[in-house]
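Participant: fold the following.
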Amino acid sequence: MVEETLNTLEKQLYLLTILVSTIIGILSFFASGVITNPLKKMLKIIQKITEGQLDQEIEIKGRDELAELGNAFNHMSNRLLQMDQSRQEFVSNVSHELKTPLSSIKVLSESLLFQENVPVEMYSEFFKDINSEVDRLTAIINDLLFLVKLDQKEVPMTVQNINLNKLIQEILKRLHPLANKKSIELIYESFRDVYAEVD
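Facilitator: The predicted structure follows:
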């Protein structure tokens, strides 16, 4: 009788062990899915960011350690996006700043090249203008080197009170030779002096 009872208890204990092991296995499977699925998603997003797609964010659910990790990752992703936008804006500004004096130098030099029997006075005048554009280019490059040292994102402004009439006359003077070559008439009319605080 005791032996039968022990056998019955042993079978029940065996079945209970199998049942508990099965339940633990199922719970472990789902628990690992709950942990690994967000990590897999995070890994895919990290891969996209390394490929240059910086506008990526992780969907945050709950307030556990994974949520904290997701928040930290989203913060890092936003900072990378801001830095990339600042870099693109900086490169665009630098390109524009460098393009202006280079274009002026090209116009001035082509004006001399495309004309025949250019007076010596014009050579002298245009070379002075080219020299001033080279100085301007040098100043821009020095500003950029200064910014690199300071790790700044903006080009410092040098605001001065400028006579816009005189500025326009200087621009037209440089464009006249090219305009004449293409039979384009440039007309300048001034009714009063205009001053502006500009860089």
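
Participant: just list what the host helix or strand of Gly70 packs against, helices and strands only.
Facilitator: Per DSSP states H and E, Gly70 falls inside helix 65-113. Judged by 3 or more CB pairs under 8 Å, 6 or more residues apart in numbering; DSSP states H and E, the packing partners of helix 65-113 are helix 2-50, helix 120-150, helix 164-181. Any C-beta I mention is one placed from the backbone N, CA and C, and that applies to glycine too.

Participant: surely Leu81 and Gln53 touch.
Facilitator: No: using CB atoms under 8 Å, Leu81 is not in contact with Gln53, being 10.0 Å away.

Participant: show me the shaky parts of this protein.
Facilitator: 1-21, 23-39, 54, 58, 62, 64-66, 149-156 (pLDDT under 70).

Participant: what do you get if the cut-off is 50, keeping everything else the same?
Facilitator: Within the chain, no stretch has pLDDT under 50.

Participant: now stretch 165-173: how far from the chain's centre is it?
Facilitator: 35 Å (CA atoms, centre = their mean, to the nearest Å).

Participant: list the buried residues of it.
Facilitator: Neighbour-count burial for stretch 165-173 flags Lys173 (criterion: 16 or more other CB atoms under 10 Å).

Participant: what about Gln85, how many residues nearby?
Facilitator: Counted with other CB atoms under 10 Å, residues neighbouring Gln85 total 11.

Participant: look up how far Glu185 lies from it.
Facilitator: Distance, Gln85 to Glu185, by CB to CB, to the nearest Å: 44 Å.

Participant: picking that back up, neighbour count for Leu81 and Gln53, which is higher?
Facilitator: More crowded of Leu81 and Gln53, by other CB under 10 Å: Leu81, with 16 against 11.

Participant: for stretch 175-188, buried residues please.
Facilitator: Of the residues in stretch 175-188, those buried (16+ other CB under 10 Å) are Leu175, Pro177, Leu178.

Participant: Ala196 against Asn165, yeah?
Facilitator: No: applying CB under 8 Å as the test, Ala196 and Asn165 come out as separate, 10.6 Å apart.

Participant: where's Ala196, which helix or strand?
Facilitator: Applying DSSP H and E, one finds Ala196 within strand 195-198.

Participant: residues making contact with that strand?
Facilitator: Outside strand 195-198, the residues that touch it by CB atoms under 8 Å, 6 or more residues apart in numbering are Val159, Gln160, Asn161, Ile162, Asn163, Leu164.

Participant: burial check on the fifth one, number of neighbours?
Facilitator: For Asn163, the neighbour count with other CB under 10 Å is 12.

Participant: ok, what's across the strand from it?
Facilitator: Counting by DSSP bridges, Asn163 forms beta bridges with Tyr195.

Participant: what's it in contact with, if anything?
Facilitator: Per CB under 8 Å, 6+ apart, neighbours of Asn163: Asp193, Val194, Tyr195.

Participant: neighbour-wise, give me the winner out of those.
Facilitator: Neighbour counts for those (other CB under 10 Å) peak at Val194, which has 13 neighbours.
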